[in-house]
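K.L.:
what's the 3D shape of this:
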Amino acid sequence: MKYLNILLSLVFCLFLIQIVEAQQDATKRVLLIGIAGVSSEEFQYANTPVIDKIISQGAISLRTRGVIPSESAANWVSVLSGAGPEQHGVISNNWNQGNQSIEPTVKDVDGYFPSIFTLIRKQRPKAVTGMFYDWDQLGSYINKKLITKEQYVQGQVMITAVALNFIRKEKPVFTFIYYGLPYVTGNSTNFNTKEYYQSINEIDTEIGKIISGLQEAKMMNTTIIITSDQGISSLVNGIESTADLEVPWISSGSGIQKNVLLEIPNDHINTAPTIARILGLKTPAEWKGKPVLDAYIPKTSKTKSGQYVPKPWCSLAEGAFPGPQQIELSTTRQGAVIYYSLDGSAPGVTSKKYTTAFTINKNCILKAVSVSGANQSQTINRTYTFVQGIRSATLTTEPSPKYAGSGVSGLFDGLIGSANQTNKQWMGFEGDNFEVTVDLGEVKPVKALGIDVLKLQINLIFLPSAVEFYISDDGIAFKLLKTYYPAETDDPMPDGLVMLSLTFDNIKTQFIRIKATNIGTCPPGHKEEGQKAWLFVSEVEIE
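P.N.:
Residues are numbered from 1 along each chain as shown. The predicted structure is shown next:
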């Protein structure tokens, strides 16, 4: 009887412990904030004082990778569903219930792969959840029936107001707030612009309002997770670089280490399992992600624990240049010191300290880091080359911000674009002509002139209807040498990289002008007939 009483006491204690744990899980809340179109690199150049404060109270990963294909829909569903596109089936922003090329491995009665909202509804049916977003399609990729309150709201200010009102009133266990402003801004102005970085700062301000609202509602037991889908320097038809694939992943809350930079690789599919762990939910077998335990488990004494320091910003993009260029470096971390090298060596506290803008006039490799206390940022790496034999080059019409290439000097750096239109060597002109005027500095003999273009008709990229070659002695009055008509060639040119060039005899000149005429609109019979056609140029050939 004595042993039976002891056994019953142990069982009762375990039962009480389970009740306490269940009650503790019931008090925990998670707020997931999605910011579209921000890579880890871009994030480090933005002014984000609110997010920086959250990082100081939590953990950040700069090595969190999105999924392939790199569509926004595929990434956000992976964030919410603990599995990649090969599992949930959402591979395109055009995905819907009637347009599924890949069936989900598991689906509910409505045809959706299980998301974090599914787990909450099944395991805690009375729990309140919310989702607020300003991309109207986002609500169609998961089963909205499982969300207590989901709402499409236009504009980041209104999203914050509507979401905060819901959070204060309903005290949800999980809320997902999506801000699309950086993606939209970068899509119209390119990613490396003042307007783009200002858009990230505006979202940071909105997050500040949310934090204040949580404090007022006495809901600071909420774990906050902030992440993005992908970088946006390659907006159309996929990502080509690691820089666009890696995004920041930030978490702050009970049990999370403070001011820690997570060095281990992370993935979008680990986000939902992390949320499930916080809320005490069991994850299904079809989820392939795992909780980001490194954010929660203290480091051992043998493991170095670094802190986040944003990398320095450089005013000059890498590329080729006809003359001396000035470089400015800066950092968003107050009190951080920048060190740099120009010979390709790894920078550190023994390298040259940055104090003011400097000028470069010869080929070099710039590397720089920000140092704050004992912690050091990631390294920026820029390669600069100087074009010989050209005094200047100017474009009559600027390329689309989506495909800006590496600047006008990049047309003369000898680096030809690949068959992928997102390659950074390509300049893209939507409906516009390409025209460049080159000053050789003095009268020189010219044997050949040409341009390297891209033909990829499925993506609305066509050969020019004509290429005109001009010369001038004074840069004012230009003489037409010859016109090249690609359509008149004997053999049709296949898709891919195409060189359009002509040779000349006994030509001497100082100024050269090359004009490639865009066909204007997609021709009859094309799937996008009547839409603006693209003209892509990567290199100007002068021999």
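K.L.:
CA only for contacts and neighbour counts going forward, please
P.N.:
Fine.
K.L.:
any weak-confidence spans in the stretch 351-500 of the chain?
P.N.:
488-491 (pLDDT under 70).
K.L.:
can you pull out the strands in it?
P.N.:
Using DSSP state E, counting those that start in this stretch, the strands of the stretch 351-500 of the chain run over 352-353, 358-360, 364-372, 375-376, 380-386, 392-395, 427-430, 434-455, 466-472, 479-484, 496-517.
K.L.:
equivalent analysis for the stretch 1-150 of the chain, please.
P.N.:
Along the stretch 1-150 of the chain, the stretches classed as strands by DSSP E, counting those that start in this stretch are 29-35, 59-65, 129-133, 149-152.
K.L.:
which element follows the host helix or strand of residue 276 toward the C-terminus?
P.N.:
Per DSSP states H and E: residue 276 is located in helix 271-278. Per DSSP H and E, helix 271-278 leads on to strand 313-314 as the next helix or strand towards the C-terminus.
K.L.:
how far away from the center of its chain is that next one?
P.N.:
Counting by C-alpha atoms, centre = their mean, to the nearest Å, strand 313-314 is centred 17 Å from the centre of its parent chain.
K.L.:
list the helices and strands it packs on?
P.N.:
Helices and strands touching strand 313-314, by 3 or more C-alpha pairs under 8 Å, 6 or more residues apart in numbering; DSSP states H and E, are strand 329-330.
K.L.:
neighbouring strands for the helix or strand just after the strand it packs on, and are they parallel or not?
P.N.:
Sequence order places strand 337-341 as the next helix or strand after strand 329-330, per DSSP H and E. When pairing is defined by DSSP bridges, strand 337-341 lines up against strand 352-353 (antiparallel), strand 364-372 (antiparallel).
K.L.:
contact partners of strand 337-341?
P.N.:
Outside strand 337-341, the residues within contact range by C-alpha atoms under 8 Å, 6 or more residues apart in numbering are 312, 329-331, 347-349, 351-354, 365-372.
K.L.:
CA atoms only: put stretch 193-202 into CSV for me.
P.N.:
Coordinates of each C-alpha in stretch 193-202 appear next as CSV, following Å, rounded to 0.1, in the frame of the first residue of the first chain:
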residue,chain,number,x,y,z
THR,A,193,18.0,53.6,-53.8
LYS,A,194,17.1,56.2,-51.2
GLU,A,195,13.4,55.5,-51.7
TYR,A,196,13.9,51.7,-51.1
TYR,A,197,15.8,52.1,-47.8
GLN,A,198,13.3,54.8,-46.7
SER,A,199,10.5,52.2,-47.2
ILE,A,200,12.3,49.8,-44.8
ASN,A,201,12.6,52.6,-42.3
GLU,A,202,8.9,53.3,-42.6
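K.L.:
buried ones in it, by neighbour count?
P.N.:
Within stretch 193-202, the residues that qualify as buried are 195, 196, 197, 198, 199, 200, 201, 202, counting by 16 or more other C-alpha atoms under 10 Å.
K.L.:
make a markdown table out of those and add pLDDT.
P.N.:
Below are the buried residues of stretch 193-202 laid out as a markdown table (pLDDT from 0 to 100):
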| residue | pLDDT |
| --- | --- |
| 195 | 94 |
| 196 | 93 |
| 197 | 94 |
| 198 | 96 |
| 199 | 97 |
| 200 | 97 |
| 201 | 97 |
| 202 | 98 |
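K.L.:
among the residues you listed, which lie within helices?
P.N.:
Residues of the buried residues of stretch 193-202 located in helices (DSSP state H): 195, 196, 197, 198, 199, 200, 201, 202.
K.L.:
quote the end-to-end distance of stretch 314-325.
P.N.:
End-to-end distance for stretch 314-325: 12 Å, by C-alpha to C-alpha, to the nearest Å.
K.L.:
what residues does that stretch touch?
P.N.:
Stretch 314-325 is contacted from outside by 326-330, 359-362, 382-388, 390-392, 406-407, 409-410, 412-413, using C-alpha under 8 Å, 6+ apart.
K.L.:
follow-up on the earlier one: mind giving me the PyMOL command for buried ones among the contacts of strand 337-341?
P.N.:
Only the buried members of those enter the following PyMOL selection, criterion being 16+ other C-alpha under 10 Å:
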select buried, resi 312+329+330+331+347+348+351+354+365+366+367+368+369+370+371+372
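K.L.:
residue 474: neighbour count?
P.N.:
Using other C-alpha atoms under 10 Å, residue 474 has 11 neighbouring residues.
K.L.:
excluding sequence neighbours, find me the nearest residue to it.
P.N.:
With sequence-adjacent residues excluded and distances taken as C-alpha to C-alpha, 6 or more residues apart in numbering, residue 474 is closest to residue 511, at 7.1 Å.
K.L.:
same question, residue 466
P.N.:
In this structure, residue 466 finds its nearest non-sequential neighbour in residue 485, 4.7 Å apart by C-alpha to C-alpha, 6+ apart.
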